[in-house]
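Peer 1: For reference, the sequence and a predicted model appear below.
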Amino acid sequence: MQMIKKAAISLAALSVVAAPVAASAASGLRAASNAPGASKLEGNSSWIIGLIGLLAGITAIVLVAEDDEDSPVSP
């Protein structure tokens, strides 16, 4: 039961994070300005999105695989 609860919480957190990204990608509208040379931060940032996804996946696996059963300890 605990594992199902943790999976549901992880799925809810993922949907909260992914909803704005999916909405902005689906709109198709983009405000653009033509200012050549105004920014030197141009480039491909898809690796950042991949890194965030990887970290979210690892976090979800750790939460689901965590062992919550406490062993009895006798003095």
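Peer 2: Received it, and whenever you're ready, just let me know what you need. Not measured: the values here are computed from a predicted model. Residues are numbered from 1 along each chain as shown.
Peer 1: C-alpha only now, for contacts and for neighbours.
Peer 2: Noted.
Peer 1: Let me know the secondary structure of V73.
Peer 2: Classification of V73 by DSSP: H, G, I helix; E, B strand; the rest coil places it in coil.
Peer 1: Check it and give its pLDDT.
Peer 2: Confidence at V73, expressed as pLDDT, is 74.
Peer 1: Determine the number of other residues adjacent to it.
Peer 2: 5 (other CA atoms under 10 Å).
Peer 1: which residues of this structure score low on pLDDT?
Peer 2: Residue ranges of the chain with pLDDT under 70: 1, 23-43, 67-71, 75.
Peer 1: Just the helices from it, written as ranges.
Peer 2: 2-27, 46-65 (DSSP state H).
Peer 1: hmm, who's touching the last one?
Peer 2: Just to be clear, that refers to helix 46-65. Residues outside helix 46-65 that contact it (CA atoms under 8 Å, 6 or more residues apart in numbering) are 3, 6-7, 10, 14.
Peer 1: Show the buried residues in the residues you listed.
Peer 2: Buried by 16 or more other CA atoms under 10 Å: 6-7, 10, out of the contacts of helix 46-65.
Peer 1: mind putting the helices of the chain in a markdown table, distance to V73 included?
Peer 2: A markdown table is the format used below for the helices of the chain (distance: least, CA to CA, whole Å):
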| stretch | distance to V73 |
| --- | --- |
| helix 2-27 | 23 |
| helix 46-65 | 23 |
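Peer 1: from the buried ones among the contacts of helix 46-65, which single one is nearest S74?
Peer 2: Nearest to S74 among the buried ones among the contacts of helix 46-65 is K6, at 30.0 Å by CA to CA.
Peer 1: Now do the contacts for that closest one.
Peer 2: Neighbouring residues of K6 by CA under 8 Å, 6+ apart: 63-64.
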